[in-house]
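>>> Return atomic coordinates for the entry below.
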Amino acid sequence: MSTDPSTAAPVLLALAGLAPSERETARIAEAFAAQYQAMRELYDVADARYEEPALIFHARP
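Take a look at the predicted model:
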């Protein structure tokens, strides 16, 4: 998948079955770029590389 917001955002919107206007798509593409960068930064935390991302419930009989 392309990470270019002008390409990725319309594809993701189409896959979700959404058809926003061109203006809305442009604004969503702008927001996508920032959100994608923030998501990538979550994976750049070296100390958390092998940690569990959330609390995990281990059920015991």
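
>>> Quick check: phi and psi on the most centrally placed residue in the chain?
For the chain, the residue nearest the mean C-alpha position is Tyr36 (5.1 Å; Cα atoms, centre = their mean). Main-chain torsions, Tyr36, degrees, to the nearest 10: phi -60, psi -40.

>>> confidence score at it?
Predicted confidence (pLDDT) for Tyr36: 84.

>>> right, and it touches Pro5 too?
Yes: using Cβ atoms under 8 Å, Tyr36 is in contact with Pro5, at 7.2 Å. (C-beta placed from N, C-alpha, C; glycine too.)

>>> Start and end of stretch 8-24, how far apart?
Separation of the first and last residues of stretch 8-24 by Cα to Cα, to the nearest Å is 14 Å.

>>> Would you indicate which residues of that stretch are buried?
Using 16 or more other Cβ atoms under 10 Å as the burial criterion, the residues of stretch 8-24 that qualify are 8-10, 13.

>>> now those residues in TSV, with secondary structure?
Converted to TSV, these look like this (DSSP: H, G, I helix; E, B strand; the rest coil):
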residue	secondary structure
Ala8	helix
Ala9	helix
Pro10	helix
Leu13	helix
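
>>> ok, so of these, who is nearest Glu24?
Closest to Glu24 out of the buried residues of stretch 8-24 is Leu13 (8.9 Å), distances taken as Cβ to Cβ.

>>> tell me the contacts of the closest one?
Each residue near Leu13 by Cβ atoms under 8 Å, 6 or more residues apart in numbering is listed here: 19-20, 25, 28.

>>> so how far is Thr7 from it?
11 Å (Cβ to Cβ, to the nearest Å).

>>> got it, and Tyr50?
33 Å.
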